[in-house]
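Model the structure of this input:
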Amino acid sequence: MTTEPATRSRTLPGWRAGLLILLILVGMLLVLGRDTELQFLQRHILRGQGQMRYVQERPLPAQRGIIYAANGQPLAVNVPAVTIWADPRIFRQQQKDWPAVAQALQIPETTLQERLQHGGEQFAYILRQVHPQLGTALAKLHVPGIYVEPTSRSYYPLGAVTTPLLGLVHLDHQGAAGLERGFNDWLQGKPGWEKVLVDGRGEILRVLQTQPAQNGHDLHLTIDPQIQYWAYMTLQAAQRHFGATNGSAVVMNVHTGQILAMVSVPSCNPNRQNGCSNPEDYVNNAVHQAFEPGSVMKPFVIAAALATGTIQPDESFNVSHCLPVGGFCIRDDVVHQELNVAHILKYSSDIGAATIALRTAPDAIYDMYRRAGFGREPDLGFAGGTAGVLPPPNTWDKARHATIALGYGVSVTTLQLAEGYAAIANGGLHLQPTLIAGQTARSDRIMSPAIAGHLQHWLEGVCSANGTGILAALPGYAVAGKTGTANLANGKGGFEKKKTNATFVGFAPGFAPDLVMAVSLRGSTRYWNFGGVESAPVFRVTMQHALQELGIAPRWCGGHPCASAATNITEAQAEIWAEGGGK
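Predicted coordinates for the structure are as follows:
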């Protein structure tokens with residue numbers, strides 16, 4: 001019997017064990033090195049990237065203050081809206097849902113793609129300040145990466161009636177024009193924010209920190225919404241009828257300086273999408289546009305002459321021949337022989353007004369203009385309001401001295417005209433116009449009560465039969481005012497033959513004035529585009545509604561309102577009576 005040989009043991013080489021141990025040590029060193037890099041060297045970077053992915057800071061918009069009219073009616077309010085935004089990193093992975101998202105948002109899919117591309121890596125606006133119904137439709141889809149953020153937008157209940165006055169608000173809740181811009185710091189408030197923890201789909205898991213928003217302050221105006229409405233509608237009708245490029249009107253309380261209406265045309269409705277895309281449609285022409293006003297400046301020259309004693313209230317002037325000044329002759333549209341001061345205003349005699357101006361020192365005329373408010377910027381909160389042009393008297397030659405009484409060589413705003421005539425209506429006491437409720441108007445006497453009384457009486461004659469302002473007459477009310485017509489400069493040293501600035505400024509009731517209104521229409525080209533024919537009817541319609549709105553009763557003759565001296569006036573008759581078309 002044989003026996004199997006014993007199995008021999010095999011010894012491994014020592015270097016192989018050492019190599020294995022070395023590989024294990026190297027691996028451990030690499031892991032340790034990477035861990036050290038991640039834990040220490042790249043700690044801040046990685047935490048920042050983690051926070052960007054899972055911790056977001058989302059804005060909490062502040063509500064803008066509400067703008068109110070004098071009766072408490074809101075003129076600018078906040079209404080609910082939503083902003084739609086997307087996280088492109090997540091939303092791009094949901095392309096199968098894009099058609100449904102575009103349909104819910106009522107936009108083409110190409111628009112959705114473009115807005116996604118134009119955004120950042122983590123944020124892209126899709127729609128801003130849109131109707132909440134769009135947000136509701138989108139939320140029902142439950143698509144990751146696109147979100148609905150509640151917000152608000154500005155809404156203007158009177159639409160185009162108040163746009164040039166109130167202005168607009170940008171999508172970022174910043175005022176863009178008008179009072180919205182001028183009082184932006186007061187209205188806008190202070191936005192807040194919140195830090196939230198989100199998951200990979202962008203859904204909020206937890207709110208980590210919150211800074212609440214601080215809403216803006218409300219703004220209360222002196223505007224009467226009914227008077228504002230009628231002034232706008234009547235001015236717009238006149239603009240369209242006479243083909244005016246633009247225009248404006250201002251209604252003021254002569255005793256307080258409060259502005260009851262301030263309107264401009266053209267205008268636009270900011271409540272419509274892209275309704276105010278043309279900047280010219282929301283310019284407040286009453287404070288931003290200056291123009292040569294024509295004959296409405298004549299009462300202030302006469303006031304300066306009366307104050308300095310260069311003329312007497314009962315004095316008469318020979319106006320039968322043209323007045324040679326600076327190489328040309330000043331003429332009247334209708335030839336008269338002799339006119340007193342009252343008739344110089346009633347018939348708007350250029351010869352008579354220029355004669356009075358040349359008798360009066362330039363300093364006296366300039367001082368009267370300046371104190372009446374001309375040549376001064378408005379202090380109402382509007383950004384960029386113009387002061388107009390009032391050249392200093394040391395620059396006047398004889399021609400400027402004469403024509404500045406006729407409303408040439410000087411430019412004014414509609415607000416300034418209302419402000420100046422309010423001083424006449426207020427017995428010579430000038431009040432700084434106010435637009436914010438509660439403000440006290442600064443006062444300054446610019447002419448004596450006696451001079452103001454003469455002008456009130458004479459300006460009533462302008463709005464009576466044969467006066468240039470007959471179309472401003474109101475049954476039952478005494479109306480005082482003045483017409484102004486100035487041809488537009490053509491930029492070549494001359495004037496346009498058919499384009500005019502047509503102006504009327506007046507107050508009522510004439511015997512005890514409460515309200516003053518200035519109306520200006522610029523660039524008119526159709527029909528009898530004179531101040532007495534074009535702008536005076538705007539005054540008449542608006543003033544009638546304003547007096548009724550404020551409960552200012554007419555004078556009564558028996559059981560009926562007193563009729564004006566001439567009733568049932570046609571435009572053709574008015575053209576004749578106005579002796580030159582309501583100049």
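
what about the longest helix in this protein?
Of all segments of type helix in the chain, defined using DSSP state H, the longest is helix 14-36.

taking the mean pLDDT, what do you get for that one?
In this model, helix 14-36 carries a mean pLDDT of 74.

In terms of secondary structure, what does that helix contact?
If you count contacts as 3 or more C-beta pairs under 8 Å, 6 or more residues apart in numbering; DSSP states H and E, helix 14-36 packs onto no helix or strand. Quick note: C-beta positions are derived from backbone N, CA and C, even for glycine.

Pull out the buried positions in that helix.
Within helix 14-36, no residue is scored as buried using 16 or more other C-beta atoms under 10 Å.

so how far is that helix off the chain centroid?
Taking C-alpha atoms, centre = their mean, to the nearest Å, the mean C-alpha location of helix 14-36 is offset from the chain mean by 77 Å.

and that helix, C-alpha only, in PDB?
What follows is the C-alpha trace of helix 14-36 in PDB, where atoms were taken according to Å, rounded to 0.1, in the frame of the first residue of the first chain:
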ATOM      1  CA  GLY A  14       6.800  40.000   0.000                       C
ATOM      2  CA  TRP A  15       6.600  42.800  -2.600                       C
ATOM      3  CA  ARG A  16       3.100  41.900  -3.500                       C
ATOM      4  CA  ALA A  17       1.800  42.400   0.000                       C
ATOM      5  CA  GLY A  18       3.600  45.700   0.200                       C
ATOM      6  CA  LEU A  19       2.100  46.800  -3.100                       C
ATOM      7  CA  LEU A  20      -1.400  45.900  -1.900                       C
ATOM      8  CA  ILE A  21      -0.900  47.800   1.300                       C
ATOM      9  CA  LEU A  22       0.500  50.800  -0.700                       C
ATOM     10  CA  LEU A  23      -2.500  50.800  -3.000                       C
ATOM     11  CA  ILE A  24      -4.800  50.800   0.000                       C
ATOM     12  CA  LEU A  25      -2.900  53.700   1.600                       C
ATOM     13  CA  VAL A  26      -2.900  55.700  -1.700                       C
ATOM     14  CA  GLY A  27      -6.700  55.200  -2.000                       C
ATOM     15  CA  MET A  28      -7.200  56.300   1.500                       C
ATOM     16  CA  LEU A  29      -5.000  59.400   0.900                       C
ATOM     17  CA  LEU A  30      -7.000  60.300  -2.200                       C
ATOM     18  CA  VAL A  31     -10.300  59.900  -0.400                       C
ATOM     19  CA  LEU A  32      -8.900  61.900   2.500                       C
ATOM     20  CA  GLY A  33      -7.600  64.600   0.200                       C
ATOM     21  CA  ARG A  34     -10.800  64.900  -1.700                       C
ATOM     22  CA  ASP A  35     -12.800  65.000   1.500                       C
ATOM     23  CA  THR A  36     -10.400  67.700   2.800                       C
END
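
For it, which outside residues touch it?
Helix 14-36 has contacts (C-beta atoms under 8 Å, 6 or more residues apart in numbering) with no other residue.

Ok, stretch 315-327 next?
Contacts of stretch 315-327 with the rest of the structure, by C-beta under 8 Å, 6+ apart, involve 329-332, 335-341, 344, 349, 351-352, 354-356, 358, 397-399, 402-403.

and with 7 Å instead?
The list of residues contacting stretch 315-327 from outside it, by C-beta atoms under 7 Å, 6 or more residues apart in numbering, reads 329-332, 335-341, 344, 349, 351-352, 354-355, 397-399, 402.

And for stretch 196-215?
Outside stretch 196-215, the residues that touch it by C-beta under 7 Å, 6+ apart are 54-56, 58, 60-63, 87, 90, 144-145, 147, 189-195.

Quick one: end-to-end length of it, please.
22 Å (C-alpha to C-alpha, to the nearest Å).

do the same with stretch 114-123
Using C-alpha to C-alpha, the span of stretch 114-123 from its first residue to its last is 13 Å.

Going by neighbour count, which of the contacts of stretch 196-215 are buried?
55-56, 60-63, 87, 90, 144-145, 147, 189, 194.

Now, these that are in strands?
Of the buried ones among the contacts of stretch 196-215, the ones assigned to strands by DSSP state E are 55-56, 60, 147, 194.

Please tabulate these in a markdown table and include pLDDT as additional columns.
A markdown table is the format used below for those (pLDDT from 0 to 100):
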| residue | pLDDT |
| --- | --- |
| 55 | 72 |
| 56 | 70 |
| 60 | 75 |
| 147 | 85 |
| 194 | 78 |
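
any chance of the residues you listed in CSV, plus distance to residue 284?
Formatted as CSV, the entries for those read as follows, by distance: C-beta to C-beta, whole Å:
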residue, distance to residue 284
55, 46
56, 41
60, 33
147, 38
194, 38
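
which of those residues lies closest to residue 313?
When these are compared for distance to residue 313 (C-beta to C-beta), residue 60 comes out closest, at 67.3 Å.

ok, for residue 399, nearest residue in space, not its chain neighbours?
Ranked by C-beta to C-beta, 6 or more residues apart in numbering and with sequence neighbours excluded, the top spatial neighbour of residue 399 is residue 326, at 3.1 Å.

so what's the one you found scoring on pLDDT?
80.

Likewise for the one 5 residues further on?
For residue 331, the model assigns a pLDDT of 88.

cool, and the one 3 residues further on?
Each residue has a pLDDT score; the one for residue 334 is 81.

helix, strand or coil for it?
State at residue 334, reduced to three classes by DSSP: H, G, I helix; E, B strand; the rest coil: coil.

number of nearby residues for it?
12 (other C-beta atoms under 10 Å).

Now it, what are its backbone angles?
Here is the backbone geometry of residue 334 (degrees, to the nearest 10): phi -120, psi 130.

How much space separates it from residue 351?
11 Å (C-beta to C-beta, to the nearest Å).

re the thing from before, possible to save the buried ones among the contacts of stretch 196-215 as JSON lines with distance to residue 153?
JSON lines is the format used below for these (distance: C-beta to C-beta, whole Å):
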{"residue": "55", "distance to residue 153": "29"}
{"residue": "56", "distance to residue 153": "24"}
{"residue": "60", "distance to residue 153": "16"}
{"residue": "61", "distance to residue 153": "10"}
{"residue": "62", "distance to residue 153": "13"}
{"residue": "63", "distance to residue 153": "11"}
{"residue": "87", "distance to residue 153": "23"}
{"residue": "90", "distance to residue 153": "27"}
{"residue": "144", "distance to residue 153": "27"}
{"residue": "145", "distance to residue 153": "25"}
{"residue": "147", "distance to residue 153": "18"}
{"residue": "189", "distance to residue 153": "15"}
{"residue": "194", "distance to residue 153": "21"}
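
and these, which two are the farthest apart?
Going by C-beta to C-beta, the pair spanning these furthest: 144 and 189, at 32.6 Å.

just for the chain, where's the confidence low?
With pLDDT under 70 as the threshold, the chain has low-confidence stretches at 1-12, 14, 17, 33-34, 36-54, 199-203, 490-497, 555-583.

helix or strand for residue 399, which one?
Residue 399 is part of helix 398-403, with elements assigned from DSSP states H and E.

May I see the buried residues of that helix?
By neighbour count, with 16+ other C-beta under 10 Å as the criterion, the buried positions of helix 398-403 are 399-403.

ok, those residues vs residue 477, which is closest?
If you rank the buried residues of helix 398-403 by distance to residue 477 using C-beta to C-beta, residue 403 comes first, at 33.8 Å.

Disregarding flanking residues, what is the spatial nearest neighbour of that closest one?
On the basis of C-beta to C-beta, 6+ apart, the spatially nearest residue to residue 403 that is not a chain neighbour turns out to be residue 409, at 5.3 Å.

so the one you found sits in a helix?
No: when classified by three-state DSSP, residue 409 is found to be coil rather than part of a helix.
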